[in-house]
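Peer 1: following is a predicted model, sequence given first.
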Amino acid sequence: MVRATRSTQLALEDPPTPQAAPAVLPARKTQTKKRKRTSENEDLPQPEQDHQHSPETEKDGHVTTGVESEEGDKEDEKDRPLGKRQKTRQVVKDEDFERHTPPPPRHKDAGEGTLSPVDAENLLVVLEAVDLQGLLDRDLLISHWQLPATYRNGQLSLSLRIILKEPSSFTLRVLQDAIRALAGEKPAPRAPASRNVLEQSQFCDLASGLLQQIATRHAGAIDISRDTIEADTDEGARILMEEDEKLDRFALHQHLPTGDFFTSAAKLSASEATSLVTGQASLVALQPSVPLDPSYLPKLESYSRPLKPTLVAPNRLPVSQRTATGSILDYGPFASFAPIYDSEAGEITQEEVQDIIWNKRQRFLARRKLAKALESDVEMNAAVEEATPSGESPDPAIDPSLGLDDDLRAAIQQLQLETGITGLN
């Protein structure tokens, strides 16, 4: 309003007279005139009626009003070329847009919510029914940034019952941390656990499960057992998927005496592929594989070999198999306790057995008789020598050469031996 009134008044008093354009443009002022912002409120756009009470600013060493500073800015803008004027205006507009753009809203996760008084009371009733060790009143040592200041500094003791009695003062994440601190470390899977440890583990599992159900019902099936819960939008996932598909696949290749070796394929951007240190290997790009027609894809039956047709033999009657078994022979009174089998698989009758035994008996008797005869001959020779005196001459009628000498005795023994061998055969 002030600007329009003053310009109209000047136009009525002193009408502008046409002047010739100067041959040379005036030199640009070396000192850049800037407006000094006295407060952050000046950054915001002000209504036009407030220009009459605009604060005074310093300009060129003296105090000027807002109207005079705006006129000075216009004069400076006239001295600048046309391209720089538009660029300066665009930069100012971008800065104003960034300055006045509100920050994006922060998404709350399920862990930052609180239990309703009804749910907290119902949960406390259920846990009191199964609490056999006084776990609800046990002091908890947890340090969480969402705890109230009195409990965080250790001024007041904290227990699970206190958290459930004051559900509006504690978040679900604090309640979950309290249950974890109450559970402690779980024993080894195969280690024998005591009764108290089992009861404590069952109590904590029940409390965690009930808290999970309550949070799922109120937070839209969000798992609060995780440490950090962040909401991912479908748009962000779609953008990441598109960017991932645009990346090329690369692999490292190295030729060795035993053959060519390749590493697993990985997706890399152009800058990552350029800055990758390959060492003795070379970086190769993989062409995208062309999808095959399902009709050309091999099936499992194509890898199996068909069985050759087999000729079925005609049904025949079963033939009795002949087995060679030994027959039990009756040897009569000369048989032993167990049956006897010969090596030639032959059979002998009872008569043959009796003949064999009789011949063996006869040979035994012949050997005994021969031994007795030899003993009697030795005794007779000794008696004859004793009966004949040493001084008397033998009977002349008896030839002394007819006596038993060594040669005759050896011949008799040889004859007896041959006779015995003949009897054995």
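Peer 2: Arrived safely, thanks for sending. Numbers count the residues shown, from 1 in each chain.

Peer 1: going by C-alpha atoms from here, please, whenever you check contacts or count neighbours.
Peer 2: Will do.

Peer 1: any idea which helix or strand comes after the host helix or strand of E272?
Peer 2: Assessed by DSSP states H and E, E272 sits inside helix 270-275. Counting by DSSP H and E, the element after helix 270-275 in chain order, helix or strand, is strand 282-285.

Peer 1: sorry, back to before: buried ones in the helix holding E272?
Peer 2: Neighbour-count burial for helix 270-275 flags A273 (criterion: 16 or more other C-alpha atoms under 10 Å).

Peer 1: pLDDT averaged over that helix, what's the number?
Peer 2: Averaged across helix 270-275, pLDDT comes to 85.

Peer 1: cool, stretch 156-175 as well?
Peer 2: For stretch 156-175, the per-residue pLDDT averages 82.

Peer 1: ok, longest strand in the protein?
Peer 2: Once the chain is assigned using DSSP state E, the strand that runs over the most residues is strand 248-256.

Peer 1: packing partners of that strand?
Peer 2: strand 259-262, strand 266-268, strand 282-285 (3 or more C-alpha pairs under 8 Å, 6 or more residues apart in numbering; DSSP states H and E).

Peer 1: 10 Å instead, please
Peer 2: Here strand 248-256 touches strand 259-262, strand 266-268, helix 270-275, strand 282-285, going by 3 or more C-alpha pairs under 10 Å, 6 or more residues apart in numbering; DSSP states H and E.

Peer 1: list the pairing partners of the shortest one within its sheet, with orientation.
Peer 2: Using DSSP bridges, the strands paired with strand 266-268 are strand 248-256 (antiparallel).

Peer 1: alpha carbons of the partner strand, as PDB, please.
Peer 2: C-alpha atoms of strand 248-256 as PDB (Å, rounded to 0.1, in the frame of the first residue of the first chain):
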ATOM      1  CA  ASP A 248      24.300 -55.000 -13.800                       C
ATOM      2  CA  ARG A 249      25.700 -58.300 -12.600                       C
ATOM      3  CA  PHE A 250      29.500 -58.800 -12.500                       C
ATOM      4  CA  ALA A 251      31.800 -61.600 -11.700                       C
ATOM      5  CA  LEU A 252      35.600 -62.100 -11.300                       C
ATOM      6  CA  HIS A 253      37.300 -64.300 -13.900                       C
ATOM      7  CA  GLN A 254      40.800 -65.800 -13.600                       C
ATOM      8  CA  HIS A 255      42.500 -68.300 -16.000                       C
ATOM      9  CA  LEU A 256      44.600 -70.900 -14.300                       C
END
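
Peer 1: contacts for it?
Peer 2: 260-270, 273, 278-288 (C-alpha atoms under 10 Å, 6 or more residues apart in numbering).

Peer 1: thanks a lot, catch you later.
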